[in-house]
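Student: got a sequence here, can you build the structure:
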Amino acid sequence: CFTNNIKLWDRVFINLIPDVSSFWKILIEELKQYFTIKLNKSNNFLYIDTSGSHDDYMKNLGNKKNKYLRYIQNKFERDIGKIELIHYDNELVQHLDEFLKIYSRRKKILNQINPFDKTKELKQFKKDVFQRYEKKGWVKLLILRSNDKNIAYCYYYYFNKIIYYSMPTFIDAFKKYSPGSIL
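Tutor: I've put the predicted structure just below:
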């Protein structure tokens, strides 16, 4: 939840983690780096009051992430080649078959269920969604390319100035370079 002031956090309600879970200790310790934490065990779940400066949080988080991102980008460009980020706002369907090959291969390597194999209609559904909503600017595609080779993909949704990162994948041979993080 946010207060009316988007620069301040209000409270984070996480009611899917039981209050007896050991994960809370880890989560709380991480959040203490950025916020003053207040816990409440009413209603049989915990909520975390993270009132404080959103700008301070983003600055601290951003510095760490930017340092890591520079490191992996430099490593990628040193070993593989210059990074290109290709952004598509329309004609997203034309990239779907190539995306699905890489996505399916990645799911197989990870021994995960591929939703496109499980539900045959999903591919057509995605095509319909892409064609319908790309016109409104609500669905987009970002591709990480190097040396004229597409390495990572992400179809994502964009609505009310919020990006919903969806369906990312990359060629497994490049995993040590964290192409998803770069993307």
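
Student: and Thr169, what element?
Tutor: Assigned by DSSP states H and E, Thr169 belongs to strand 162-170.

Student: can you list the buried residues in that strand?
Tutor: By neighbour count with 16 or more other C-beta atoms under 10 Å, strand 162-170 contains the buried residues Met167, Pro168, Thr169, Phe170. Where C-beta positions appear, they are placed from N, C-alpha and C, glycine not excepted.

Student: partners of it in the sheet?
Tutor: As defined by DSSP bridges, the strand partners of strand 162-170 come to strand 149-159 (antiparallel).

Student: what's in contact with the strand it pairs with?
Tutor: Applying C-beta atoms under 8 Å, 6 or more residues apart in numbering, the contact partners of strand 149-159 are 80, 92, 95, 98-99, 102-103, 126, 130, 133, 137-145, 163-171, 174, 179-180, 182-183.

Student: identify the residues contacting Tyr165.
Tutor: Applying C-beta under 8 Å, 6+ apart to Tyr165 gives the contacts Cys154, Tyr156.

Student: who's it bridged to?
Tutor: Going by DSSP bridges, Tyr165 forms beta bridges with Tyr156.

Student: and the residue nearest to Glu84 when sequence neighbours are not counted, what is it in contact with?
Tutor: Nearest non-adjacent residue to Glu84, counting by C-beta to C-beta, 6 or more residues apart in numbering: Arg145, 4.4 Å away. Listed by C-beta under 8 Å, 6+ apart, the contact partners of Arg145 are Ile83, Glu84, Leu85, Ile86, Ile151.

Student: would CSV of the buried residues of strand 162-170 with pLDDT and distance to Leu122 be doable?
Tutor: Shown next, in CSV, are the buried residues of strand 162-170 (pLDDT from 0 to 100; distance: C-beta to C-beta, whole Å):
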residue, pLDDT, distance to Leu122
Met167, 84, 11
Pro168, 89, 16
Thr169, 93, 15
Phe170, 94, 20
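
Student: tell me which two in these are the farthest apart.
Tutor: Greatest spatial distance among the buried residues of strand 162-170 (C-beta to C-beta): Met167 and Phe170, at 11.6 Å.
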